[in-house]
Structures are given as C-alpha cells and as structure tokens.
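Novice: Just a sequence and a predicted model for now, questions to come.
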Amino acid sequence: MTLAAESLLALLIIGLYLNDSVSLLPGNQAMLAQGVRGQWAARFAARRFTLLGKHVFVGGVLPPNTLLFKLAWTMEADAPASPGWEAYGQRLRPFQWAAAFLLVVIMVLLPLALVLRAGDAAVLTLLALTYTSIVGVWIALWLARHRLELSSAYCLKLGAEMLLCPPVAVNLPRRISLQRAVDEDFVSACRRLLPPSQWADAAESLVMRIDDELESEDAGSTRHVQLTQRKESLV
C-alpha cells in the first residue's frame, strides 16, 4: 500500500468517526453533556449552520466517552423540573471507559501505524485488538441491555455497525445516551445540574436563540410577547 493510500485510509477512519457524531437539531433542542466523572455541561448546535432545516451539532469535538442527552425547551414559557433521568448515565460508565480505550486504538494508534508505515504486523495486531475489543463490548452491551432499557434488535444493530465500521464503537456511549428519551425541559435541567457560571453561559446562548425567533415574529403578537417574557426571565 502506498503512503498516499495509507494516509487516505487514516483520514477515512477519522472522517467516519466525525460523521457518526453529527446530529441535526431543531431550534428548540440542545444537548446536556455528562463527562465520565459525572460533571455536566450545556452544548448547543450551530446557530447559522443548518442542514435540511435543522441546526448541525458535531459531537465529535467532545471526548468520545462524553454522554449526550437531547433535551427540548419551551421558548414561550418555563416548565417544572423533572429529575431522575440523569441517573441513567451511571449505567453507561463501563462503556465510557471502553470508548476511551477504543479511541486510543482506533483513532490514534491505527492511523499512526498507517501513516508512519509501521508494517503489516503492527497494523494487523491493532486490527485484531480492535475487533476483539468490539466483540467484548458487544457481549457486555447484550448482557446489560435490560438494565440499559435497550431492545434486542437495537443491540444487534449496534453490534453489526461496530463490526462494519469500527469508529462507531468509539461513539457507542454517546449513541446509547442520545436514544434515551428525556422529558424534562432543557432550561429546568440546566438550572438543576449546571454550576452557576455555566448556567449563565447557557442562558446567554438561549437568549440568542430566542432573539433569532423574535426576528421572525410580528411585534405585538401573542408569541412575540411570550418570547420576550421568556427572554427576560433568562437575563
């Protein structure tokens, strides 16, 4: 294999990982990210970059073992808190650590072995380690499917995707957390879970998104008044 081909293969691995970590969000949705140590942060999609009428969110810029929970918020009014769902992240801790290991193998060591032309033996060893680890993760996922509230069909689908496209395995914890339905309003959850300084930053981002909505509303309309009141409650 030529150096150019090996470099392209390394770029393909990274590209597949980034592609798998892209989400499209409507204007009233955002993410709450939970790190492996349980810390929370608010993450928003791009305001101006849209695709198919939705805002593009690239989770690949975050550590792959970061969990992402998709929440919506009501722009016109506040909503009561609804705690409890965040405990789900504790069930995914083993898979977060596995994702960190797979990140090193698939996204760092394997591309380096290809670009630096470490030799067939090194590449084959890393591939064997990759697929052995993926099979182990798949077995663990299957055994934990009831605790994670996953269907057998979904677990089989994830396993097949990981084997066909190993970068998917790096995103596994994120994939699972994203399919978890969260009923709590994003604003209420942020107020509960974020430190004061991070909540202030999140509120500022929310205000900017409300401003975007206000631009398309007639001044004095019912929704314009509701949005304005909602904005004032966040300032």
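Specialist: Okay, I see it.
Novice: Quick one: list the elements packing against the lengthiest helix in the chain.
Specialist: If you go by DSSP state H, the chain has its longest helix at helix 120-143. Packing partners of helix 120-143 (3 or more Cβ pairs under 8 Å, 6 or more residues apart in numbering; DSSP states H and E): helix 93-102, helix 110-115, helix 152-164, helix 167-170. Quick note: C-beta positions are derived from backbone N, CA and C, even for glycine.
Novice: Buried residues of the second one, list them for me.
Specialist: By neighbour count, with 16 or more other Cβ atoms under 10 Å as the criterion, the buried positions of helix 110-115 are 110-111, 113-114.
Novice: From these, pick the one nearest residue 23.
Specialist: The closest of the buried residues of helix 110-115 to residue 23 turns out to be residue 111 (Cβ to Cβ; 24.1 Å).
Novice: State the distance from the closest one to residue 216.
Specialist: 44 Å (Cβ to Cβ, to the nearest Å).
Novice: residues near residue 37, how many?
Specialist: Counted with other Cβ atoms under 10 Å, residues neighbouring residue 37 total 7.
Novice: how about residue 89, what does it touch?
Specialist: Counting by Cβ atoms under 8 Å, 6 or more residues apart in numbering, residue 89 touches 34, 38, 67, 69, 177.
Novice: How is this protein divided into domains?
Specialist: 3-178, 195-234 (automatic domain parsing).
Novice: Which one, of these, ends up nearest to residue 188?
Specialist: Nearest to residue 188 among these is domain 3-178; the distance by Cβ to Cβ comes to 4.5 Å.
Novice: Centre of the chain to that closest one, how far?
Specialist: Its chain's C-alpha centre and that of domain 3-178 lie 6 Å apart, by Cα atoms, centre = their mean, to the nearest Å.
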